[in-house]
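K.L.:
heads up, no residue letters with this:
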């Protein structure tokens, strides 16, 4: 085998570590090629220029879509895009059915990155999606379903797609399949990619270079950073390596504990092996099964000419929209969408143990999850549903989150869910520090984990759900809140 | 949060590292409570005592089972156990359908371990399964479907089950859901568990304490260590930490490269992030879809009164058996089984790069895999199928494996697949060193990986398929081949 002996080996961890340092440096950097004010002005300008007309259309009148006579399923005549069908959920203590979107193809959510003056920048797109409540939001460089990029709809080519289709492996910073909303999507997942550009990249109209620090600051604004950008950001290894090794960082105890939580150098209440054992255990015990059924076999939902809605008015509706825009691959189309009946709340309770911030994750089954359940926020629900359906059990920790005093609320921003499938779906994302009087006993389906442990799980598919990923990106955004951090980073 | 500050943190990696040391020490130990000769004598005695009568029965005459009039599916009247149904596979270059076993429940494959004189021992069971060609084989302590251990069939309780149902997290050495044969099982997975006993454990009749070194030596014998034991062994973190840090170990260059491959201290041709990117890429590109269909809608298969077989005589048959035994939870039953039409070959090509042994894994789609595809052996097929169906493309590397000279064949043993569902299913497992003249260009669906990288993936579900797991356990068994290892371990 002498002819093989000359091949150079790569040390196991170095590129990951180096990328984590670069991501962290970009988070600390704050401004880069441009200032935050310039980015906001650019986004405001794009909002004025990139307008779409979205009008509600009865489900029965959607051009290009048809209702299957036998099943009631709503599908595109091309057989592509997605199908609205039904799902039947049964378990020892539960039985319901509901409409669900089945979109088996795997799309690409990709952020192209490049260093300018030694600082990593992300090429972000100002993108208007029909379901957005406010028009344009910040999206990844590429946000394309397989139908998009194989050009089923014969539209314009997707800009920058070539960077993501066949990248040299040395340019890939992260690439992992992650699920999306398990209560609205059946087995949906997208490729979350971060790829470094090999050569010069010219930002096209509608694209802008932003540092991770700038993205972190924009995350605090309502409905600016879209869901797809947030999930890709959550998969970037911003792990603050080495920052807090020798001396505790300056800033509040909360901030110091947060940085330690990102670092691989600290411990945790449970080892990662113990966490993996717990996940295996809750998955193996879960006896609830989900089975695809015809849309017309869904119980307790009413289908009118306009929409499909639950009898109680809770949960969500399936509606139709007509879209006209000049800034998409295709300028005019109609489609079904899901419209939630109220604002969702997704919150992490966090607490410091031994100087290290921990996040209380829950094991959340979802009828659409490929692998039974995923780790979700401490609380995620539509609080209004409990008024509409008094028999629904009120989730643990909901009141601890809603009643927390302002001083313990570390993040509180309303952000939009994916505007390509969900109509005006907004979620209030909160990060709340546990209070002295909050319930401390942890139910069996909950676990305290550090951010570093969650980052480890995010290298793999089907561990961390999409709402938890937004909260993880939000926690990363809080790491740069203190001005003192820059000096420490340089000295590390 | 002062009341929480007192909670002790656990260092992130120590228990994993400590367990890897203990597993490795047990592998090196060779004999333990008893000698290998005693273990073999015990197994021979159990083979004489624990006999079962297994006779072929026409599918139509299986007591307790019924054929659904509409679908042709074969199911148990209780609705439990498993269903034989159909699956339809379609892709750009492929289209076929076949029978498949659907058994959605998650069972437990658990090895109970305990230290005697400081050496970890595994409590192994001599278990007779109806599909075994030779009666008794070595199985994990607990090998139970959920139907088994919730006692659907009202049989005897499963011995030692209590150690696996609610173990203290500090006693769990590994616990991960792993898939089984993706061409015969739909979405099947079992919990692979290794749990340490908290107190004294008395071996019941049919159980015996063995060191991992003894299990390694038994792995080289045909049809002794059963599939379930092999897959649990593959998930034990035998990573030879620290062994080869300062000086290269004694022994052959192959053996030295093998030990380095197990150690986290060496590099690899591709970083683990690059491997994860590759897996994401091949999964995302895979356009073959599998859809459950009624068994009577399967094409090119013939159903007679006795069995279901492919027209060509290739692949496998669905048959029926009647079982009578005195040594199971239930003493008499009938059931359908899958009987492969020929002996399967599963082989790893291995090669040394930079002094570190690498394994050539392939990305293998299987109609029954939950997550599109898993990493499999370099070659896995029934070689006879290519004579029966000349249009089947001959897989890459098949001839490189079959034509390898004896000096490059490092492992070559026929082992049985799971005897509870598969009738006389034997696979020839081979580990073959790449030759100077073998094809070196690696097709896109193949990658060179170290054992340490594979061990990292085995902490998670749906990465490494069941045949590859047997080969990984077999590779571990080769680490102890040299007498010189013990002294090095002690000195490490």
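P.N.:
Perfect, thanks for sending it. Because the structure is a prediction, the values reported are computed rather than measured.
K.L.:
Which positions within whichever helix in chain A runs longest qualify as buried?
P.N.:
Taking DSSP state H as the criterion, chain A has its longest helix at helix A:14-29. Neighbour-count burial for helix A:14-29 flags A:15-17, A:19-29 (criterion: 16 or more other Cβ atoms under 10 Å in any protein chain shown). Backbone N, C-alpha and C define where each C-beta goes, glycine included.
K.L.:
And the contacts of the helix or strand following that helix?
P.N.:
Downstream of helix A:14-29, the next assigned helix or strand under DSSP states H and E is helix A:36-49. Contacts of helix A:36-49 with the rest of the structure, by Cβ atoms under 8 Å, 6 or more residues apart in numbering or on different chains, involve A:30, A:34, A:126, A:134-136, A:138, A:206, A:208, A:210, A:214, A:217-218, A:224, A:327.
K.L.:
Looking at these, which one is closest to residue B:355?
P.N.:
Distance to residue B:355 across the contacts of helix A:36-49 (Cβ to Cβ) is lowest for residue A:210, with 44.0 Å.
K.L.:
Okay, and the beta partners of the residue in the stretch 51-200 of chain A that chain B sits nearest to?
P.N.:
Nearest residue of the stretch 51-200 of chain A to chain B: residue A:175, at 4.1 Å (Cβ to the nearest Cβ). Note on residue A:175: beta-bridge partners by DSSP bridges are residue A:193.
K.L.:
Could you measure from it over to residue A:451?
P.N.:
Distance check for residue A:175 against residue A:451: by Cβ to Cβ, to the nearest Å, it reads 21 Å.
K.L.:
try residue A:366
P.N.:
23 Å.
K.L.:
How about residue A:322?
P.N.:
In terms of Cβ to Cβ, residue A:322 sits 43 Å off from residue A:451.
K.L.:
Likewise for residue A:367?
P.N.:
As judged by Cβ to Cβ, residue A:367 and residue A:451 stand 29 Å apart.
K.L.:
coming back round to it: with neighbour numbers in mind, choose between residue A:366 and residue A:451.
P.N.:
Between residue A:366 and residue A:451, counting by other Cβ atoms under 10 Å in any protein chain shown, residue A:451 is the more crowded of the two (26 against 21).
K.L.:
wait, isn't the more buried one in contact with residue A:361?
P.N.:
No - applying Cβ atoms under 8 Å as the test, residue A:451 and residue A:361 come out as separate, 11.0 Å apart.
K.L.:
I'd like the distance from stretch A:71-86 to the chain centre, please.
P.N.:
25 Å (Cα atoms, centre = their mean, to the nearest Å).
K.L.:
Quick one: end-to-end length of it, please.
P.N.:
As for stretch A:71-86, its first-to-last residue distance stands at 9 Å under the measure Cα to Cα, to the nearest Å.
K.L.:
which of the residues in that stretch are buried?
P.N.:
A:71-76, A:80-86.
K.L.:
Redo those residues as a markdown table? Include secondary structure.
P.N.:
Converted to a markdown table, those look like this (DSSP: H, G, I helix; E, B strand; the rest coil):
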| residue | secondary structure |
| --- | --- |
| A:71 | coil |
| A:72 | coil |
| A:73 | coil |
| A:74 | strand |
| A:75 | strand |
| A:76 | strand |
| A:80 | coil |
| A:81 | coil |
| A:82 | coil |
| A:83 | strand |
| A:84 | strand |
| A:85 | strand |
| A:86 | strand |
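K.L.:
Kindly list the main-chain dihedrals of the closest residue to chain B within the stretch 251-400 of chain A?
P.N.:
Closest to chain B within the stretch 251-400 of chain A is residue A:267: 3.5 Å, counting by Cβ to the nearest Cβ. Residue A:267 has phi and psi values of phi -90, psi -170 when expressed as degrees, to the nearest 10.
K.L.:
repeat for residue A:116
P.N.:
phi -120, psi 130.
K.L.:
Looks like it contacts residue A:203 (just checking).
P.N.:
No - in this structure, residue A:116 is not within contact of residue A:203 by Cβ under 8 Å, at 11.5 Å.
K.L.:
shared neighbours of those two, anything?
P.N.:
residue A:209.
K.L.:
More neighbours: which of those two?
P.N.:
Neighbour comparison, residue A:116 and residue A:203: the larger count goes to residue A:203, with 17 against 11 (by other Cβ under 10 Å).
K.L.:
could you measure the more buried one against residue A:126, distance?
P.N.:
11 Å.
K.L.:
by contact count, what packs against the helix or strand encompassing residue A:320?
P.N.:
Here residue A:320 sits within strand A:316-325, counting by DSSP H and E. Using 3 or more Cβ pairs under 8 Å, 6 or more residues apart in numbering or on different chains; DSSP states H and E as the contact test, the elements touching strand A:316-325 are strand A:52-57, strand A:308-310, strand A:332-340.
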